[in-house]
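Engineer: Attaching a predicted model along with its sequence, questions to come.
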Amino acid sequence: MNVAVMGLQWGDEGKGKAIDYLARDFDVVVRYQGGHNAGHTIYHKGKMLALHLLPSGVCTPGTRSVITHGVVINPLALLAEMDDMSAQGIPIEDFFISADAPVILPEHQRLDDVFEEARYEKIGTTRRGIGPAYEDVAGRRAIFLGDLLDKDQLTAKLVPLNRFFNQLLSIYGGEPVSIDSYLDEYLQAGERLRSFICDTVPLLHQYNESGESILFEGAQGVLLDLRFGTYPFVTSSVPTVGGLFAGTGLSHKNLDKVVGVTKAYTTRVGGGPFPTELSGPLSEELRSLGNEYGATTGRPRRVGWLDLVALKYAVDINGVDELFLTKIDVLGQFETIPVLTDYRLPDGKVNRHFCADARRLSRVEGIYQELPGWNCQLEKMRKAEELPAQVLEYIRFIEDYVKVKVGCLSVGPTREQTIIMP
Ligand code: IMP
């Protein structure tokens, strides 16, 4: 059984927790898009770990971890994360990374900075060079991880590329980058990674054909997808289900189930429209109850109520089979909980169509249904029968709207705080 776990909102839905919980039943966990802009938080032996590049299965003994060609790699960040895990008693073994994964260079990071500074409306990128690295893939000039294993080949590719980057940087008023400032470090990183580097396309087909179960770990979320997200306030990869096939070389025939992860409310980091966003003391209350600060950048997350129009769109685009609903415990103190069910457009018309165009989405007004709160703590509950009727009503309302069942409910950050729903 091969299962994909994907974010249905603007990232930070709790995919790390969901994957860590589900990984026990899988032989292989695969990251296939995004880069170290992701921040997947998991609790391991009482400690909070934030993974950015390594698949969340690394903490599950006996599970193999694969990073495919769809992921952009900063080799120094990857090695730092591997060292950090080893120092915490989590050795990185049974790990494979694609020779064809595009490399994030120091120039990409600097370009991310200057592009962002020059924008009229800031995207609020993580400034890790993700966008410029994916631009190089589309521009057919990318450096791949395998290039780091051959100094002559790397230098031959880097010299013209660096000239191009430095011209771009000068247009945007950025400092030039010298290849000498990082070449040796990148070559050494290549050597350290050599034993993990391979062609992950045949590897995954081999696993699949020998009946091993694969869990695909999506990063970011549908609403940050390059084309289906709230463009231009999006990331540069494809976090929707198509990105899985493009990023692994497996086909739709090799995917049995899509689990969509959504919070019981909504958060967003960075700029862009957010129809259910809260402001003032209520937003501060929800942010503090949910501890909504970015795992990668530490930025306070914008917070708001659940947007069912957006969730239905995300479910439909990804072909979601089952929901993993997270952080429902955070809503324990509210008398009533508003849920957005419709958009009112500037011309007064009401509909249930999500519009990915940022400008149009910023003009919609939310129409809400107030659902009763449950006024109690859910953190210690472990079975569906223990849940208050209002929680079941909240879940039922979501299921009826998006036409997909909630399979798992998360009532806290640890693996144990997960309820399998009947
Ligand atoms: P980039 O991916 O660094 O280019 O950032 C583009 C947008 O995606 C920004 O709004 C980021 O805050 C957002 N973003 C990227 N990765 C994540 C993530 O893992 N969680 C939440 N937001 C993210």
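Structural biologist: Nice, thanks for sending it over. Numbers count the residues shown, from 1 in each chain.
Engineer: what's the distance between residue 127 and the ligand?
Structural biologist: Residue 127 sits 7 Å away from the ligand, going by Cβ to the nearest ligand atom, to the nearest Å. (Each C-beta comes from the backbone N, C-alpha and C, glycine too.)
Engineer: Verify the stated contact: that residue with residue 109.
Structural biologist: Yes: counting by Cβ atoms under 8 Å, residue 127 touches residue 109, with 6.8 Å between them.
Engineer: Please, where are all the strands along the stretch 1-150 of the chain?
Structural biologist: 3-7, 28-31, 40-44, 47-51, 64-67, 95-98 (DSSP state E, counting those that start in this stretch).
Engineer: Check the stretch 251-400 of the chain too.
Structural biologist: Using DSSP E, counting those that start in this stretch, strands in the stretch 251-400 of the chain cover 257-263, 266-268, 302-304, 306-307, 322-326, 336-344, 350-351, 365-372.
Engineer: The first one pairs with which strands, parallel or anti?
Structural biologist: Read it as strand 257-263. Each strand paired with strand 257-263, and its direction, by DSSP bridges: strand 3-7 (parallel), strand 322-326 (parallel).
Engineer: Export the last one to CSV, keeping only CA atoms.
Structural biologist: As requested, C-alpha coordinates have been extracted for strand 322-326 and formatted as CSV (Å, rounded to 0.1, in the frame of the first residue of the first chain):
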residue,chain,number,x,y,z
GLU,A,322,-9.1,10.7,3.9
LEU,A,323,-8.5,13.6,6.2
PHE,A,324,-6.0,13.8,9.1
LEU,A,325,-7.5,16.6,11.2
THR,A,326,-4.9,18.3,13.5
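Engineer: List the buried residues of that strand.
Structural biologist: 323, 324, 325, 326 (16 or more other Cβ atoms under 10 Å).
Engineer: Could you dump the strands of the stretch 251-400 of the chain into JSON lines with mean pLDDT and distance to residue 14 added?
Structural biologist: As requested, the strands of the stretch 251-400 of the chain are exported to JSON lines (pLDDT from 0 to 100; distance: least, Cβ to Cβ, whole Å):
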{"stretch": "strand 257-263", "mean pLDDT": "98", "distance to residue 14": "6"}
{"stretch": "strand 266-268", "mean pLDDT": "98", "distance to residue 14": "10"}
{"stretch": "strand 302-304", "mean pLDDT": "98", "distance to residue 14": "14"}
{"stretch": "strand 306-307", "mean pLDDT": "98", "distance to residue 14": "14"}
{"stretch": "strand 322-326", "mean pLDDT": "98", "distance to residue 14": "3"}
{"stretch": "strand 336-344", "mean pLDDT": "98", "distance to residue 14": "18"}
{"stretch": "strand 350-351", "mean pLDDT": "96", "distance to residue 14": "29"}
{"stretch": "strand 365-372", "mean pLDDT": "98", "distance to residue 14": "21"}
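Engineer: Share the number of residues neighbouring the residue in the stretch 301-422 of the chain that the ligand sits nearest to, please.
Structural biologist: With Cβ to the nearest ligand atom, the shortest gap between the stretch 301-422 of the chain and the ligand falls at residue 301, namely 8.0 Å. Residues contacting residue 301 under the criterion other Cβ atoms under 10 Å number 21.
Engineer: surely residue 70 meets residue 32?
Structural biologist: Yes: assessed by Cβ under 8 Å, residue 70 is found in contact with residue 32 at 4.3 Å.
Engineer: what do the two both touch?
Structural biologist: Residues touching both residue 70 and residue 32 (Cβ atoms under 8 Å, 6 or more residues apart in numbering) are 243, 247, 248.
Engineer: May I see the buried residues of the host helix or strand of the second one?
Structural biologist: Using DSSP states H and E, residue 247 falls within helix 241-248. Buried residues in helix 241-248, defined by neighbour count with 16+ other Cβ under 10 Å: 241, 243, 244, 245, 247, 248.
Engineer: Chain neighbours aside, what residue packs nearest to whatever residue of the stretch 251-400 of the chain ends up closest to the ligand?
Structural biologist: Proximity of the stretch 251-400 of the chain to the ligand (Cβ to the nearest ligand atom) peaks at residue 270, 2.2 Å away. Closest residue to residue 270 apart from its sequence neighbours, by Cβ to Cβ, 6 or more residues apart in numbering: residue 124 at 2.9 Å.
Engineer: what separates that neighbour from the ligand, distance-wise?
Structural biologist: 4 Å.
Engineer: do the same with residue 220
Structural biologist: Between residue 220 and the ligand the computed distance is 5 Å (Cβ to the nearest ligand atom).
Engineer: State the pLDDT value of that residue.
Structural biologist: Looking at residue 220, its pLDDT is 97.
Engineer: now residue 203
Structural biologist: Model confidence at residue 203 (pLDDT) stands at 98.
Engineer: Surely it and residue 95 touch.
Structural biologist: No: between residue 203 and residue 95 there is no contact under Cβ under 8 Å: 11.6 Å.
Engineer: what is in contact with those two at once?
Structural biologist: residue 66.
Engineer: and stretch 31-48, how far out from the chain's middle?
Structural biologist: 9 Å (Cα atoms, centre = their mean, to the nearest Å).
Engineer: Make 3 the starting number, not 1.
Structural biologist: Done: numbering now begins at 3, and the last item shifts to stretch 33-50.
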